[in-house]
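Student: Sequence first, predicted model second:
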Amino acid sequence: MKSYTITVNGNVYDVTVEETGAAPSAAPVRRAAAAPAAAAPAPAAKPAGGAGSVVVDAKAAGKVFKIEAKVGDTLKRGDTILVLEVMKMETPVVAPEDGTVASIDVAVGDMVESGTTLATLN
């Protein structure tokens, strides 16, 4: 067991953590294509399969709240592709550059991790 003292918002907590020796299990992460909200544009990359050449990744973990674009839509840089709920805040994911939506790789209600592909553009 390890003991730690943690301060949160000025409150001090003594915490004891038991080491079990078991390796943590990781759930599979669904890959999707879309840009995260309030984050810098994702760099262009070649995704696998028939997806577009510009990958839009989540910049933070969250839940897909709303999808505003559909495959085939022409977007300008900064246009909203979808909205993520991140820490109880609606965060728009925007197009990093002008292009046409090649794929939307998530659905409303999906939980995504940072780095998950949300959409792709051509």
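Tutor: In hand now; what should we look at?
Student: buried stuff in stretch 57-76?
Tutor: 57-62, 64-65, 67, 69, 75 (16 or more other CB atoms under 10 Å). Backbone N, C-alpha and C define where each C-beta goes, glycine included.
Student: and what of stretch 107-122?
Tutor: Buried, per 16+ other CB under 10 Å, within stretch 107-122: 110, 112, 116-121.
Student: Looking at the residues you listed, which is nearest P96?
Tutor: L121 (7.8 Å; CB to CB).
Student: quick one: contacts for that closest one?
Tutor: With contacts taken as CB atoms under 8 Å, 6 or more residues apart in numbering, L121 has the following neighbours: 52-54, 56, 75, 95-97, 99-102.
Student: which one of these is nearest V12?
Tutor: Nearest to V12 among those, with distances taken as CB to CB, is V56, at 41.9 Å.
Student: ok, what's across the strand from the closest one?
Tutor: Counting by DSSP bridges, V56 forms beta bridges with A119.
Student: Show me where the chain dips below the pLDDT cut-off.
Tutor: 20-50 (pLDDT under 70).
Student: Could I get the full set of strands for it?
Tutor: 2-8, 11-17, 54-57, 62-67, 74-75, 80-86, 89-94, 99-104, 111-112, 117-121 (DSSP state E).
Student: Please, a PyMOL command that selects the buried ones among the contacts of L121?
Tutor: Command for PyMOL, covering only those of the contacts of L121 found buried under the criterion 16+ other CB under 10 Å:
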select buried, resi 52+54+56+75+95+96+99+100+101+102
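Student: Which pair in the buried residues of stretch 57-76 has the greatest spatial separation?
Tutor: Going by CB to CB, the pair spanning those furthest: A61 and L75, at 24.0 Å.
Student: isn't K76 right up against D98?
Tutor: Yes. If you go by CB atoms under 8 Å, K76 and D98 touch, sitting 5.3 Å apart.
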